[in-house]
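**Q** sequence isn't available, so here's the structure alone:
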């Protein structure tokens, strides 16, 4: 079993460019990740990577990135507890005899129920219950079984899956201006101003952020901010699957899905060091922001700053999938 959990996020005069990197392998998979604090006073983001899950899920793997805001408490808790919350759901994937047969409907139900369970747990944390901690976090995760990859996204972090030299799929960002999200916000008595919930929060789904989840008479998924993830499922193709990428929104603010996957694919021709490729991505995004703002970082908005608060995890091709 290989497991890493890390925490990353106010702004500094100069970015902190030291990178935290990790790598691991198992179950025929390899992963690499890298994070950089950038201009934030503290790192608010977190990640989790586990190859070989507990119980009957030894041949499953789990990867997740959490983009924290207004503090690091929620993102750190999510990195420690989300997987446990998901696989602890009765409907997840266990048969009566304790074996696992990868039933898609049960897994999707279990993932969604796990997110809601985790959000309930967060609400009960003493510092959250008293209102001392008002932090929140987006979450994007990938659960890899021998046959499928299950993606779940809550917020504007994103996963992209490359197959056959093309972006096969990516998760959808949850922004307040999206029609479905905007309708839920307005139905709950809120508004969308400057593309933010009540003019403040830039995401419409997140874990934590309980000041946006107290509308009487509405369920947890009907609040101004919802903890419900969208789940996407892809059958694995051992011949053509290449890699998957999970990253916080800052990466996607300056690189499209195609640009990032093309970049990763090109670098994979030059090196098999996954953390080195992750570092290349970060450095390229840093230079892009400098170039756009002509080195005058007073012109950056908060989304540009969040570019440097990222964790990157991806599973590469050829030597990496099950036979």
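**A** The structure has been received and is ready for your questions. None of the values given here were measured: they were computed from a predicted structure.

**Q** remind me, longest strand of the chain?
**A** Scanning the chain for the longest strand, with DSSP state E as the assignment, gives strand 11-26.

**Q** tell me what angle the very next helix or strand once past that one forms with strand 11-26.
**A** The helix or strand immediately downstream of strand 11-26 is strand 29-40, counting by DSSP states H and E. For strand 29-40 against strand 11-26, the angle by axes from the mean of the first three to the mean of the last three CA atoms, to 10 degrees is 170 degrees.

**Q** ok, the residue nearest the centre of the chain - contacts?
**A** Nearest to the mean C-alpha position of the chain, by CA atoms, centre = their mean, lies residue 140 at 2.6 Å. Residue 140 sits next to 64, 65, 151, 152, 153, 154, 155, 157, 158, 159, 171, 246 when contact means CB atoms under 8 Å, 6 or more residues apart in numbering. Just so you know, the C-beta spots here come from the backbone N, C-alpha and C atoms, and that holds for glycine as well.

**Q** among those residues, which ones are in helices?
**A** The members of those all map outside helices under DSSP state H.

**Q** before we move on, the earlier item: what strand or helix carries the residue nearest to the centre of the chain?
**A** Applying DSSP H and E, one finds residue 140 within strand 136-144.

**Q** can you give me the helices in the stretch 101-250 of the chain?
**A** Secondary structure of the stretch 101-250 of the chain (DSSP state H, counting those that start in this stretch): helices at 104-123, 126-129, 179-187, 249-254.

**Q** OK, contacts around the residue lying closest to residue 279 once chain neighbours are set aside?
**A** Counting by CB to CB, 6 or more residues apart in numbering, residue 279 lies nearest to residue 34, which is 5.2 Å off, once chain neighbours are set aside. By CB under 8 Å, 6+ apart, the contact set of residue 34 is 19, 20, 21, 275, 278, 279, 281, 282, 311, 312.

**Q** now swap in residue 193 and tell me
**A** residue 199.

**Q** that one pairs with what?
**A** Beta-bridge partners for residue 193, by DSSP bridges, are residue 196.

**Q** check what pLDDT it gets.
**A** pLDDT for residue 193: 96.

**Q** what's the distance between it and residue 247?
**A** 27 Å (CB to CB, to the nearest Å).

**Q** swap in residue 284?
**A** For residue 284, the distance to residue 247 - CB to CB - is 13 Å.

**Q** which one's more surrounded, those two?
**A** Legend: neighbour count by other CB atoms under 10 Å for residue 284 and residue 247, higher for residue 247 (27 against 16).

**Q** I'd assumed residue 64 was in contact with the more buried one.
**A** No: contact between residue 247 and residue 64 fails when scored by CB atoms under 8 Å: they sit 11.6 Å apart.

**Q** now for these two: what residues contact both?
**A** Common neighbours of residue 247 and residue 64 are not found (criterion: CB under 8 Å, 6+ apart).

**Q** apart from its chain neighbours, what residue comes closest to residue 181?
**A** Using CB to CB, 6+ apart, the closest residue to residue 181 is residue 204 (3.9 Å).

**Q** what's near enough to touch that neighbour?
**A** Applying CB under 8 Å, 6+ apart to residue 204 gives the contacts 174, 175, 176, 178, 181, 182, 184, 185, 197, 224, 225, 226.

**Q** pLDDT score assigned to it?
**A** What the model reports for residue 204 is a pLDDT of 98.

**Q** now it, what are its backbone angles?
**A** When read as degrees, to the nearest 10, the backbone of residue 204 gives phi -100, psi -10.

**Q** now it: how far from residue 43?
**A** Residue 204 is 24 Å from residue 43, by CB to CB.

**Q** what do you get for residue 122?
**A** Residue 122 is 19 Å from residue 43, by CB to CB.

**Q** now swap in residue 276 and tell me
**A** Counting by CB to CB, the gap from residue 276 to residue 43 is 21 Å.

**Q** of those two, who's got more company?
**A** Between residue 276 and residue 43, residue 43 has the larger neighbour count (other CB under 10 Å), namely 23 against 15.

**Q** give me the secondary structure label for the more buried one.
**A** Secondary structure state of residue 43, per DSSP: H, G, I helix; E, B strand; the rest coil, is coil.

**Q** wait, it sits on residue 37?
**A** Yes: between residue 43 and residue 37 there is a contact at 5.1 Å, judged by CB under 8 Å.

**Q** tell me how many other residues crowd the closest residue to residue 235 other than its chain neighbours.
**A** Residue nearest to residue 235 in three dimensions, not counting chain neighbours: residue 148, with 5.7 Å by CB to CB, 6+ apart. A count of nearby residues for residue 148, using other CB under 10 Å, gives 14.

**Q** I'd say residue 148 and residue 231 touch.
**A** No: judged on CB under 8 Å, residue 148 makes no contact with residue 231 at a distance of 11.3 Å.
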